[in-house]
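In: Any chance you can model this:
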Amino acid sequence: MIFATLEHILTHLSFSIVSIVIAIHLMILSVHEIIGLRHSSEKGMLATFFSLTGLLVIRWISSRHFPLSNLYESLIFLSWSFSIIHMVSKLWNHKNDLSTITAPSAIFTQGFATSGLSSKMHQSAILVPALQSQWLMMHVSMMLLSYAALLCGSLLSVAFLVITFRKNIDIFFRSKNLLILIKSFFFGKIEYWNEKRSVVKSTSFLSFPNYYKYQLIQRLDYWSYRVISLGFTFLTIGILSGAVWANEAWGSYWNWDPKETWAFITWTIFAIYSHTRTNQSLHGTNSALVASIGFLIIWICYFGINLLGIGLHSYGSFT
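Out: As a prediction, the model looks like this:
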């Protein structure tokens, strides 16, 4: 009874804190200089991290097994993974460019886990024989950490593509305006030049807004590559440990189960992404497109197979 009460309190506490954090981030985006709000959001994510950690520990103690036995627990662990990625990125970078990705991702996964799933799925059950192994902690935790890192990195790549696309459109229209002004100048319309002098200023490619966009694009590309590389490492460890566990449980390292097949597809997509990063001509837009495709593949691997409820991994389904 005590464990259930503590779990209920921590679940709503973490959800409320991360909701406040997102509200603070929206205020920061709308008003660039708000003293103290940025530090409050960082403290909020820290509080969310400790709340989710306490929730997982309580479920671990009450159920007497690592809390990754069903879809609800995996979603809570995924939300916790987003928060820990936020904390690690904060240690690496004082500006913490991942904060606008990790906080909404954490609230989305936790909100779906608490509100989108039935109350019966919230209850911790006895592990099925296939899960009664020491490999549970190693394999499933590595897979979920890889999902969290790959999703964050892929979302950064999506943001990279959006900003780059908008920048190219702006450059096109500004170049067109500049061409019109040059033609007007050579045709002797000096008065037109005086009237449109402000347009000339807006066509400067070295203006502060363009330089800021350039810096932002560079940071998005930088962090996307780092986070995806970390997630790809976790994914490789998770697949290898799962193969060893499958050999112990089912007598075969690989069974081409739907979950295994899509995990292999996910690994292949991000292996291609890693290859594009080694080629200078494929940097930027090309690698970001591959990562954006990987974003959809991850959700199919993690969520789509659970919707079907088939295969050797059906114990993680909605039913």
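In: Which positions in stretch 128-138 come out as buried?
Out: Residues 131, 136, 138 are the ones in stretch 128-138 that count as buried (16 or more other C-beta atoms under 10 Å). Using the backbone N, CA and C atoms, a C-beta is placed for each residue, glycine as well.
In: scratch that, stretch 282-289
Out: For stretch 282-289, by 16+ other C-beta under 10 Å, it's 282, 284, 287, 288, 289.
In: State the number of residues packed around residue 64.
Out: Counted with other C-beta atoms under 10 Å, residues neighbouring residue 64 total 9.
In: how about the helices of the chain, start to end?
Out: Using DSSP state H, the helices of the chain run over residues 2-30, 37-63, 71-92, 99-111, 119-122, 135-186, 190-195, 197-202, 208-250, 258-278, 285-299, 305-308.
In: Closest one of the buried residues of stretch 282-289 to residue 152?
Out: Taking C-beta to C-beta as the measure, residue 152 sits nearest to residue 288 out of those, at 13.9 Å.
In: Can you check the pLDDT for the closest residue to the closest one other than its chain neighbours?
Out: When the adjacent residues along the chain are set aside, residue 288 lies closest to residue 157, with 4.0 Å between them (C-beta to C-beta, 6 or more residues apart in numbering). Looking at residue 157, its pLDDT reads 90.
In: Could you list the low-pLDDT ranges of the stretch 151-300 of the chain?
Out: 167-214 (pLDDT under 70).
In: picking up where we left off before, just curious, which of the buried residues of stretch 282-289 is nearest to residue 270?
Out: Relative to residue 270, and with distances defined as C-beta to C-beta, the nearest of the buried residues of stretch 282-289 is residue 287, at 10.5 Å.
In: Can you verify my assumption that the closest one contacts residue 275?
Out: No - taking contacts as C-beta atoms under 8 Å, residue 287 lies outside contact range of residue 275: 9.1 Å.
In: doesn't residue 69 make contact with residue 131?
Out: Yes - the pair residue 131 / residue 69 is scored as a contact, 6.1 Å apart, by C-beta under 8 Å.
In: What is the neighbour count of residue 275?
Out: Residues near residue 275, counting by other C-beta under 10 Å, number 12.
In: so who does it touch?
Out: Counting by C-beta atoms under 8 Å, 6 or more residues apart in numbering, residue 275 touches no other residue.
In: Domain parsing of the chain, as residue ranges.
Out: 1-116, 135-162+205-319 (automatic domain parsing).
In: Same list (those) but as TSV, adding distance to residue 125.
Out: TSV is the format used below for those (distance: least, C-beta to C-beta, whole Å):
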stretch	distance to residue 125
domain 1-116	6
domain 135-162+205-319	9
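In: Quick one, which of these gets closest to residue 127.
Out: Closest among the domains of the chain, using C-beta to C-beta: domain 1-116, at 5.4 Å.
In: what is the rounded mean pLDDT of the closest one?
Out: On average, domain 1-116 scores 73.
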